[in-house]
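[1] compute the structure for the input listed below.
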Amino acid sequence: MNRRALVAAPLALLAGLALAACGTPAADKPTDVLVVGASSAPHAQILAEAAKLVPDLKLQVKEFDDYVQPNLATESGELDANYFQHQAYLDDFAASNPVHLTAVAPVHIEPLGAYSKKVKSIAEVPQGADVAIPADATNGGRALALLAVQGLITLKEGAGVKATERDIAANPKQLKITALEAAQLPRSLDDVDLAVINGNFALQAGLKPAVDALALEAAKDNPYANLLVVKQGHENDPRIQRLAQVLASPEIKKFIESTYDGAVIPAS
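    Residues are numbered from 1 along each chain as shown. Here you go, the predicted model:
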């Protein structure tokens, strides 16, 4: 399903999908277990490492392969928290869905990357190339900004993080840009000339951003830190605060730096 259609769909329908996919209804969730929804890589991997540092914190990680269900499951109470998104996406999601979610702490940054199986450099991108970008508004805007930084397109002044194809001021190579569900982007590499892929999905597909990406977002002053997110009112839950502290610890920073070779970097 197209991400824009999915985010715009009624909350009740999507909540049902989330419960069906994730299993245990909120009413049956064990009260002594902290359940956190996360993308499998790197988020669930980082949480697994954090769990080793606080073995008495009963942490259960539920993995998701999309960006919609974990927010709905956090809103419903099926999840105590989630860890997969940046603030711009959270704001955009909340504007389209009646959820009451808030960020507790930033954890890491995943520079967005441009990948190809057909060309070996950005300069080789051909006239009329097929280019795939994430379908959600914020990551789509990030992707267009990366294409602009690489000189493939020019965006209108002030387009910002929510830039769309309508904000393209110049497209000298007449790129054919298609928005796809973010999880599908790695699979699109066989069919397109260039795909701009979120870091977590690149890692899940076995790509090494620091090596395989033809271009990466700059890490410095990057506003897209991935966050630990809870339903409003749960920010001061001692378990949540403890998890947030561990995720910001020197041990987790060292794990991120040694494991992901620049594809994932600590937020602070």
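
[2] what pLDDT does the residue most central in space within the chain get?
    Central residue of the chain (Cα atoms, centre = their mean): Gln85, 4.6 Å from the mean position. pLDDT for Gln85: 96.

[3] quick check, it in a strand?
    No - applying DSSP: H, G, I helix; E, B strand; the rest coil, one finds Gln85 to be coil, outside a strand.

[4] any idea how far it is from His108?
    In this view, Gln85 and His108 are 12 Å apart by Cβ to Cβ, to the nearest Å. Any C-beta I mention is one placed from the backbone N, CA and C, and that applies to glycine too.

[5] same check, this time on Ala44
    Counting by Cβ to Cβ - Ala44 and His108 are separated by 13 Å.

[6] mind checking how far the closest residue to Ser40 other than its chain neighbours is from Gly37?
    Excluding the flanking residues, the one nearest Ser40 by Cβ to Cβ, 6 or more residues apart in numbering is Glu63, at 4.6 Å. Distance of Glu63 to Gly37, computed by Cβ to Cβ: 8 Å.

[7] tally of neighbours for Arg187?
    Look at Arg187: counted by other Cβ atoms under 10 Å, it has 14 neighbours.

[8] now do the contacts for it.
    Residues counted as contacts of Arg187 (Cβ atoms under 8 Å, 6 or more residues apart in numbering) are Ala205.

[9] one more: the one 10 residues further on?
    When contacts are counted by Cβ under 8 Å, 6+ apart, Ile197 touches 112-115, 134, 182, 185-186, 205, 207.

[10] need the contact list for the closest residue to Ala41 other than its chain neighbours.
    Spatial nearest neighbour of Ala41, chain neighbours left out: Leu203 (4.2 Å); criterion: Cβ to Cβ, 6+ apart. Applying Cβ under 8 Å, 6+ apart, we find Leu203 in contact with 41-42, 209, 260, 263-264.

[11] restricted to helices, list those.
    Judged by DSSP state H, the contacts of Leu203 include 209, 260 as members of helices.

[12] closest one of the contacts of Leu203 to Ile177?
    Among the contacts of Leu203, Pro209 lies closest to Ile177 (Cβ to Cβ), at 21.0 Å.

[13] which stretches in the stretch 101-250 of the chain count as strands?
    For the stretch 101-250 of the chain, strands defined by DSSP state E, counting those that start in this stretch occupy the ranges 101-109, 113-115, 130-134, 154-155, 168-170, 176-180, 194-197, 215-216, 225-231.

[14] now tabulate those in JSON lines and tack on distance to Asp80 and mean pLDDT.
    Formatted as JSON lines, the strands of the stretch 101-250 of the chain follow (distance: least, Cβ to Cβ, whole Å; pLDDT from 0 to 100):
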{"stretch": "strand 101-109", "distance to Asp80": "11", "mean pLDDT": "97"}
{"stretch": "strand 113-115", "distance to Asp80": "31", "mean pLDDT": "97"}
{"stretch": "strand 130-134", "distance to Asp80": "27", "mean pLDDT": "97"}
{"stretch": "strand 154-155", "distance to Asp80": "39", "mean pLDDT": "97"}
{"stretch": "strand 168-170", "distance to Asp80": "41", "mean pLDDT": "98"}
{"stretch": "strand 176-180", "distance to Asp80": "31", "mean pLDDT": "97"}
{"stretch": "strand 194-197", "distance to Asp80": "29", "mean pLDDT": "98"}
{"stretch": "strand 215-216", "distance to Asp80": "33", "mean pLDDT": "96"}
{"stretch": "strand 225-231", "distance to Asp80": "7", "mean pLDDT": "97"}
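
[15] distance to Val246 added to the ones you listed, as CSV?
    Listed next are the strands of the stretch 101-250 of the chain as CSV, based on distance: least, Cβ to Cβ, whole Å:
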stretch, distance to Val246
strand 101-109, 10
strand 113-115, 28
strand 130-134, 30
strand 154-155, 39
strand 168-170, 43
strand 176-180, 35
strand 194-197, 29
strand 215-216, 28
strand 225-231, 10
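
[16] which of those strands is buried the deepest?
    Sort these by mean neighbour count, taking mean count of other Cβ atoms under 10 Å, and strand 194-197 sits at the top with a mean of 29.
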